[in-house]
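1. following is a predicted model, sequence given first.
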Amino acid sequence: MVEHLTIDHVGHHGDGVALAGGMAVYVPYALPGETIEVAPVPGHPDRRRLLQVDTASPQRIAPFCPHFGVCGGCAIQHWESEHYRAWKRDIVVETLARAKIDCDVDALVDAHGLGRRRITLHARMGTHAVLKVGFSAAGAHDIIPVDRCPILDPGLSGALDAAWALAEPLIVIGKPLDIQLTTTDVGLDVDVRGSGPLPSALIATLSRLAEQHRLARLTRHGELVLMRTPPTIAMGAAQVTLPPGSFLQATVAGEEALAALVSEHCRRSKHIADLFCGVGPFALRLAAKSRVTAFDSDAGAVTALQKAATSTSGLKPVKAEARDLFRRPLVPQELRDYDTVVFDPPRQGAEAQAKQLAASKISVLVAVSCNVATFARDARILIHGGYKIEGVTPVDQFRHTPHVELVARFRK
């Protein structure tokens, strides 16, 4: 059954929203003011599939990727930049307003830079025993095979070829594979997951492929297969050797933009606690001027951070400690030696730690978040504890998607 709808606005997930029959109806790839033809999506009464745009918005532009609309990686390539940027900032503004948080929200910082420096490709055997290596399909349990992706950092130029080559000998095992590829300063760092234990002959094949594609390192479930050279990333004055499969900000420009904002908010700090520190994108830069104690549950990341700090001259003292801040948040007594806390939790936020921070006497808190909804929840806890939020800066390193980062400063 074909329906005709008029799109009212773009929602926070990037879908066009029509207000029909007293309910919101979500249509991917539609823009405000457009009249469209849609079809039902089985099992989802509030969603529709776009069939045709009858009246196009003047803001509509041609997508630059041939896979757009089929690949699930990008939600928005069809909206001109000015309105897209305003929408993305409004995600932050509206989410904070719903949480009754009143503060200034700066202009959106574009931090796409040269593009994504890390991706995860999926390898599956499709119909007729045809191998597929690519990204997840939009709204479907399928893989869209790709041989290029225009939003990637040039350092990932050989990533797709390498992933296809590694998947071919492994797919005979019959298990779905996830292949994480990261561009480093010395080449590609690749971790293959899903294969399970492998016979020595297959390990030897993977080693030959790693040499052939000149990978810096190849690991399987974090276990070393071959390392031609340690995969390193510059963070401030330090060089960090990445643990296998480690987390990094999606773009180089994104890490630099977030770190610059954090450093500016900490410019008068003497002793900083860096919570959920990862491999040290903030700690290693902040240590140029301040003492830093860093905490993260990932022991490999903490070790990499400590080694990088120890081997870099000119830094203030840095101490890194493995600690699960969800189960064992730092309590006010432990926080009394710091004048500033920086925290950058995963998407689920830092509710338990926020409660302890709210009860502390730390004068400055700097929050970094990749999820404005959980940030708003944690911010309410801090505000109820006596902190004042001094402003929020949204950062767009996931261009063409609804994901937005932010940096905020609190003072007590």
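-> Done, it's in.
2. which outside residues touch the top helix by length along the chain?
-> Criterion DSSP state H: the longest helix present in the chain is helix 81-98. With C-beta atoms under 8 Å, 6 or more residues apart in numbering as the test, helix 81-98 has contacts from 10, 12, 59, 76, 79, 102-103, 105, 107-108, 110, 372-373, 376, 379, 392, 394, 396, 402, 404, 406. C-beta: built from backbone N, CA, C; applies to glycine.
3. among those residues, which are located in strands?
-> Residues of the contacts of helix 81-98 located in strands (DSSP state E): Val10, Asp110, Val392, Pro394, Asp396, Leu406.
4. now for these: which two are most distant?
-> Greatest spatial distance in the ones in strands among the contacts of helix 81-98: Val10 and Val392, 20.8 Å, computed using C-beta to C-beta.
5. how many other residues sit next to Thr255?
-> Small correction: residue 255 is Glu, not Thr. By other C-beta atoms under 10 Å, the residues close to Glu255 number 21.
6. then Ile383?
-> Per other C-beta under 10 Å, the neighbour tally for Ile383 reads 18.
7. that one is in contact with Lys100, isn't it?
-> No. Contact between Ile383 and Lys100 fails when scored by C-beta atoms under 8 Å: they sit 9.3 Å apart.
8. about what we covered before: pLDDT for the ones in strands among the contacts of helix 81-98 - can I get that in JSON lines?
-> Listed next are the ones in strands among the contacts of helix 81-98 as JSON lines, based on pLDDT from 0 to 100:
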{"residue": "Val10", "pLDDT": "98"}
{"residue": "Asp110", "pLDDT": "98"}
{"residue": "Val392", "pLDDT": "98"}
{"residue": "Pro394", "pLDDT": "98"}
{"residue": "Asp396", "pLDDT": "98"}
{"residue": "Leu406", "pLDDT": "98"}
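9. could you dump those residues into a markdown table with distance to Gly21 and neighbour count added?
-> Putting those into a markdown table (distance: C-beta to C-beta, whole Å; neighbours: other C-beta atoms under 10 Å) gives the following:
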| residue | distance to Gly21 | neighbour count |
| --- | --- | --- |
| Val10 | 20 | 24 |
| Asp110 | 38 | 16 |
| Val392 | 36 | 23 |
| Pro394 | 34 | 22 |
| Asp396 | 34 | 23 |
| Leu406 | 35 | 25 |
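10. closest one to Gly174 out of those, please.
-> Nearest to Gly174 among those, with distances taken as C-beta to C-beta, is Asp396, at 40.1 Å.
11. quick check: that closest one vs Val404, distance?
-> 6 Å (C-beta to C-beta, to the nearest Å).
12. give the residues shared as contacts by those two.
-> Common neighbours of Asp396 and Val404, using C-beta under 8 Å, 6+ apart, are Lys88, Leu108.
13. and the most centrally placed residue in the chain, how far from Gln397?
-> What sits nearest the mean C-alpha location of the chain, by C-alpha atoms, centre = their mean, is Ala250, with 5.3 Å. Here Ala250 is placed at a distance of 5 Å from Gln397 (C-beta to C-beta).
14. next: Met1.
-> Using C-beta to C-beta, Met1 is found at 40 Å from Gln397.
15. over to Lys319?
-> Distance, Lys319 to Gln397, using C-beta to C-beta: 29 Å.
16. buried ones among the contacts of helix 81-98?
-> When burial is judged by neighbour count using 16 or more other C-beta atoms under 10 Å, the buried members of the contacts of helix 81-98 are 10, 12, 59, 76, 79, 103, 105, 108, 110, 372, 376, 379, 392, 394, 396, 402, 404, 406.
17. check which helix or strand covers the nearest residue to His112 once chain neighbours are set aside.
-> Nearest-residue entry for His112: Arg399, 4.1 Å, with adjacent residues in sequence omitted and distances by C-beta to C-beta, 6 or more residues apart in numbering. Taking DSSP states H and E as the definition, Arg399 sits outside all helices and strands.
18. same deal with Ile381?
-> Counting by DSSP H and E, Ile381 is part of helix 372-384.
19. need phi/psi at the residue lying closest to Asp296 once chain neighbours are set aside.
-> The spatially closest residue to Asp296, leaving aside those adjacent along the chain, is Cys277, at 4.7 Å (C-beta to C-beta, 6+ apart). With angles defined as degrees, to the nearest 10, Cys277 sits at phi -80, psi -20.
20. tell me how far Cys277 lies from Tyr338.
-> 13 Å.
21. show me the helices in the stretch 251-400 of the chain, by range?
-> 252-265, 283-286, 299-310, 332-335, 351-358, 372-384 (DSSP state H, counting those that start in this stretch).
22. of these, flag the one that's most buried.
-> The highest average neighbour count among these, using mean count of other C-beta atoms under 10 Å, belongs to helix 283-286 at a mean of 28.
23. coming back round to it: compare Cys277 and Tyr338 and say which one has the larger neighbour count.
-> The residue with more neighbours, out of Cys277 and Tyr338, is Cys277; 27 against 24, by other C-beta under 10 Å.
24. need the longest strand for the protein.
-> Ranked by residue count under DSSP E, the longest strand found in the chain is strand 44-55.
25. so how far is that one off the chain centroid?
-> A distance of 29 Å separates the centroid of the chain from that of strand 44-55, by C-alpha atoms, centre = their mean, to the nearest Å.
26. if you count neighbours, what's buried in it?
-> Arg47, Arg48, Leu50, Val53.
27. which other helices and strands contact it?
-> If contacts are counted by 3 or more C-beta pairs under 8 Å, 6 or more residues apart in numbering; DSSP states H and E, strand 44-55 sits against strand 3-6, strand 23-28, strand 35-41.
28. sorry, back to before: compare Lys319 and Gln397 and say which is more crowded by neighbours.
-> It is Gln397, of Lys319 and Gln397, that has more neighbours when counted by other C-beta under 10 Å, with 26 against 13.
29. need the contact list for the residue nearest to Gly222 when sequence neighbours are not counted.
-> Leaving aside its chain neighbours, Gly222 sits nearest to Pro244 (4.3 Å; criterion: C-beta to C-beta, 6+ apart). Pro244 makes contacts with Asp189, Asp191, Arg217, Thr219, Gly222, Glu223, Leu224, Gly300, as judged by C-beta under 8 Å, 6+ apart.
30. and if we set it to 10 Å?
-> Contacts for Pro244 (C-beta atoms under 10 Å, 6 or more residues apart in numbering) come out as 180, 182, 189-191, 217-224, 227, 231, 300.
31. next step: the residues you listed restricted to strands.
-> Applying DSSP E to the contacts of Pro244, the entries found in strands are Gln180, Thr182, Asp189, Val190, Asp191, Arg217, Leu218, Thr219, Arg220, Glu223, Leu224, Met227.
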